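Chemist: sequence-free structure coming up:
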């Protein structure tokens, strides 16, 4: 009998019911065994203090388990790990709770999105948020759903916007205090973007910040088109923001203006498209903004994760910096107390601007009609999570190098529910398509259209410290740890463990599908795990015992 | 917008991106429609759409295909979806078109208002094209069709389902320009000095796959190679001076007729 009880205890270790207070979210970095938010912590460094896996033993990594998604659509989730339970999403809008040591499933909740949902670019879901005993999921039919973390049953559900006219949600929500903050996608359908906060207890909307000001509001003068260009100007929000509790500011990257490729239909800077906005999370009031690409011609969404770093400099004595490798090809350092520009350098080939002026505004050099613009429409990087390591004090990003597009604007009329893009960027290579997000089984375009690289940037100078080139461009996010490890998965199907100090390859294996999420790490019983998506599977690695 | 949007639009439209023979003086890029595709689309339209939509595109109530405006589509991707999937609750039924046919139909619809059939070349004759393929062009000495011919060059048994009329035109005129980069000729030297030449069929960061000169499938670890070089010129010669315009049209018609066993 004693043996039986002991066996039961070993097979079914006691797992506390999820109860994640705001205090725990504030100090998420102090419990590295868990992964409590989309980017790991409010600072969004996608960095963990775990150090069991390190350069000296990384060669002993091995696959521990695999979760196969039922959906064959792009698998872009960042799992959460909370006190011995992993929570993830699979496309389009299914939440799953599972054992983080075996992958066995506790429960599965499937939301069936409305048939009117029309996300432009794939039915994806990038993950969940948690507060207390509840998980929060944003859906492609623009609903926000609270789930009981133990049972997977919905607690409340709110319609955030109308999917029939192009609103969708693909991001993981951000919880700040007792609010669940989300943004809407739909920049290709002529939406008017917004960020909104919902009461985590009741689901009631608390505030809404429109990313395009209405006539008369500050910034409305940047929409000078005739008529209603501001009403259909896009400026979507489809990636999770960050939060600085000391400043009480939440930061969000804003997407492209619409129509995407025809700026003549929306003259002006088009605020707050292609910007970062700093909002008061209690009220949704704008505190400051910084625009990366005014009057964007190229679809350079500033939808990247704002990475918050504390690093005193001469000009920013508070040390409160924001690091941003932008889709437009420049790497920026901003003062996150006020949005002032500190530094900016190209991190890939750039020819749409010759540089940035002293305030960070691009000195634009539009290319002649038919000529190639660098970076191309998918950008020098995109939504794939970057990482910052306090250990190496380097910033890491997946870059698309030597990649350009030919932009050809076209007039387009707005019609509800139809795409409102104004042209079609082409490839510089006759006959080629633009590089697709999801890699097919045949790498048709190869070196002729660009390549990927994992690059390490020194934020003090903006210069590249090291670079690991890839044959294919990469859609994988990056994770670093205090063990000086860097983990990523490439689009051509490899999982890499690199030395974060110099890029040296320590371990590599092929997983067979495109990496499309930001890897995470966690530990259970002292054993460190690294979870990364590839194709339609989540692959979890640990050290050989 | 998210990364995949443009690519999805371009992914299938891209199949249509090529320069028709007479238009080669101007560089062609995505977003333009090739004359060969427009013409192919016009022929498809005449065969499959005209009964309902009419010669002028206004055969259905409240639908005017010549206007360039479509009730259920603004982008080419949406237009493709309508043609392929139909419109629920209307007489527009789903249609099992191949990608090349969809490309051609969209190209034609986008140019319906300005297309002048009198100015285009006459449609090619597939049977004459087959004779040219086997005779004057000697294409069968490199290409395999329906189980006959060598394997060193791409097998063309289903080329009509996967390549557009415009692309096929371009292959005949400028094979280097039309060649998919992945299919570039490669030459590798292994550590033991063995030299392998062939046509690349796939590649990633650490490996490359090819069909070698002996028609074998070969997969190589790049770390094990002493040298790896990629040629940028197609091994196929240009047929611009071999065939006249009518003959090229015949050949394209033949190639478009090769739909594979599926």
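Modeler: That came through, no problem. No experiment lies behind these values; they were computed from the predicted model shown.
Chemist: so who does residue A:285 touch?
Modeler: With contact taken as Cβ atoms under 8 Å, 6 or more residues apart in numbering or on different chains, residue A:285 is in contact with A:209, A:279. Bear in mind the C-beta positions are built from the backbone N, C-alpha and C, glycine included.
Chemist: neighbours of the nearest residue in space to residue A:297 that is not next to it in sequence, just the number please.
Modeler: Using Cβ to Cβ, 6 or more residues apart in numbering or on different chains and skipping the chain neighbours, the partner closest in space to residue A:297 is residue A:263 (5.1 Å). For residue A:263, the neighbour count with other Cβ atoms under 10 Å in any protein chain shown is 21.
Chemist: wait, residue A:66 sits on residue A:537?
Modeler: Yes. Using Cβ atoms under 8 Å, residue A:66 is in contact with residue A:537, at 5.1 Å.
Chemist: neighbour count for the two, which is higher?
Modeler: Shown here are residue A:66 and residue A:537; by other Cβ under 10 Å, residue A:537 has more neighbours (17 against 12).
Chemist: so who does that one touch?
Modeler: By Cβ under 8 Å, 6+ apart, the contact set of residue A:537 is A:66-69, A:75, A:511, A:513.
Chemist: if you set the cut-off to 10 Å instead, what comes out?
Modeler: A:66-69, A:75, A:103, A:511-513 (Cβ atoms under 10 Å, 6 or more residues apart in numbering or on different chains).
Chemist: separation between it and chain B?
Modeler: Separation of residue A:537 from chain B (Cβ to the nearest Cβ, to the nearest Å): 18 Å.
Chemist: secondary structure class for residue B:167?
Modeler: Three-state assignment for residue B:167 (DSSP: H, G, I helix; E, B strand; the rest coil): helix.
Chemist: if we can go back for a sec, could you tell me which residues touch both of residue A:66 and residue A:537?
Modeler: A:103, A:511.
Chemist: quick check, central residue of chain B?
Modeler: Among the residues of chain B, residue B:163 comes closest to the average C-alpha position under Cα atoms, centre = their mean, at 2.2 Å.
Chemist: how about low-confidence regions in chain A?
Modeler: Chain A contains residues with pLDDT under 70 at A:1-16, A:430-439.
Chemist: could you do chain B as well?
Modeler: For chain B, applying pLDDT under 70 flags the ranges B:1-32, B:116-122, B:262.
Chemist: what pairs with the longest strand belonging to it, and is each one parallel or antiparallel?
Modeler: For chain B, the strand with the greatest residue count under DSSP state E is strand B:195-203. Next to strand B:195-203 in the sheet, as set by DSSP bridges, lie strand B:185-190 (antiparallel), strand B:207-212 (antiparallel).
Chemist: count of neighbours near residue 74?
Modeler: Let's take chain A. Residue neighbour count, defined by other Cβ under 10 Å, stands at 28 for residue A:74.
Chemist: nope, chain B please
Modeler: Residue B:74 has 23 neighbouring residues, counting by other Cβ under 10 Å.
Chemist: and for residue A:242?
Modeler: Residue A:242 has 26 neighbours, counted by other Cβ under 10 Å.
Chemist: pretty sure it is touching residue A:279, no?
Modeler: No. Counting by Cβ atoms under 10 Å, residue A:242 does not reach residue A:279; the two are 11.2 Å apart.
Chemist: mutual contacts of the two, please.
Modeler: Counting by Cβ under 10 Å, 6+ apart, the residues touching both residue A:242 and residue A:279 are A:249-252.
Chemist: list the contacts for the residue nearest to residue A:297?
Modeler: A:225, A:257, A:270, A:294-298, A:366, A:407, A:409, A:422.
Chemist: skip the chain neighbours and tell me the closest residue to residue B:225.
Modeler: If the residues on either side of it in the chain are set aside, residue B:225 comes closest to residue B:188, at 5.2 Å by Cβ to Cβ, 6+ apart.
Chemist: before we move on, back to that, phi, psi of the residue nearest to residue A:297?
Modeler: Dihedral pair for residue A:263: phi -70, psi -20, per degrees, to the nearest 10.
Chemist: how close does it sit to residue A:273?
Modeler: In this view, residue A:263 and residue A:273 are 10 Å apart by Cβ to Cβ, to the nearest Å.
Chemist: find the residues that touch each one of those two.
Modeler: With Cβ under 10 Å, 6+ apart as the test, residue A:263 and residue A:273 both reach A:257, A:294-296.
Chemist: of the contacts of residue A:537, which belong to helices?
Modeler: With helices defined by DSSP state H, no entry of the contacts of residue A:537 lies inside them.
Chemist: I'd like the residues you listed as CSV, with distance to residue B:238 appended.
Modeler: Shown next, in CSV, are the contacts of residue A:537 (distance: Cβ to Cβ, whole Å):
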residue, distance to residue B:238
A:66, 49
A:67, 52
A:68, 48
A:69, 47
A:75, 44
A:103, 55
A:511, 42
A:512, 39
A:513, 39
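Chemist: if we can go back for a sec, and the shared contacts of residue A:263 and residue A:273, which of them are buried?
Modeler: Neighbour-count burial (16 or more other Cβ atoms under 10 Å in any protein chain shown) applied to the shared contacts of residue A:263 and residue A:273 gives A:257, A:294-296.
Chemist: about what we covered before: would you mark the buried spots in the longest strand of chain B?
Modeler: For strand B:195-203, the neighbour count (16+ other Cβ under 10 Å) marks B:196-203 as buried.
Chemist: where does residue A:455 land in three-state SS?
Modeler: Secondary structure, three-state DSSP: residue A:455 is strand.
Chemist: contacting residues around it?
Modeler: For residue A:455, the contact set (Cβ under 10 Å, 6+ apart) comprises A:325, A:331, A:347-348, A:381, A:386, A:394-399, A:401, A:464-469, A:478, A:503.
Chemist: which among the residues you listed count as buried?
Modeler: Buried by 16+ other Cβ under 10 Å: A:325, A:331, A:347-348, A:381, A:386, A:394-399, A:401, A:464-466, A:468, A:478, A:503, out of those.
Chemist: among those, which are within reach of chain B?
Modeler: The overlap between the buried ones among the contacts of residue A:455 and the neighbours of chain B (Cβ under 10 Å from any Cβ of the partner chain) comes to A:381, A:468.
Chemist: can you give me the neighbour number for residue B:154?
Modeler: Around residue B:154 there are 19 residues (other Cβ under 10 Å).
Chemist: how about the nearest residue to residue 42, chain neighbours excluded?
Modeler: Going with chain A. Nearest to residue A:42 is residue A:243, by Cβ to Cβ, 6+ apart, at 4.1 Å.
Chemist: chain B, not that one
Modeler: Closest to residue B:42 by Cβ to Cβ, 6+ apart is residue B:108, at 5.1 Å.
Chemist: all set now, cheers.
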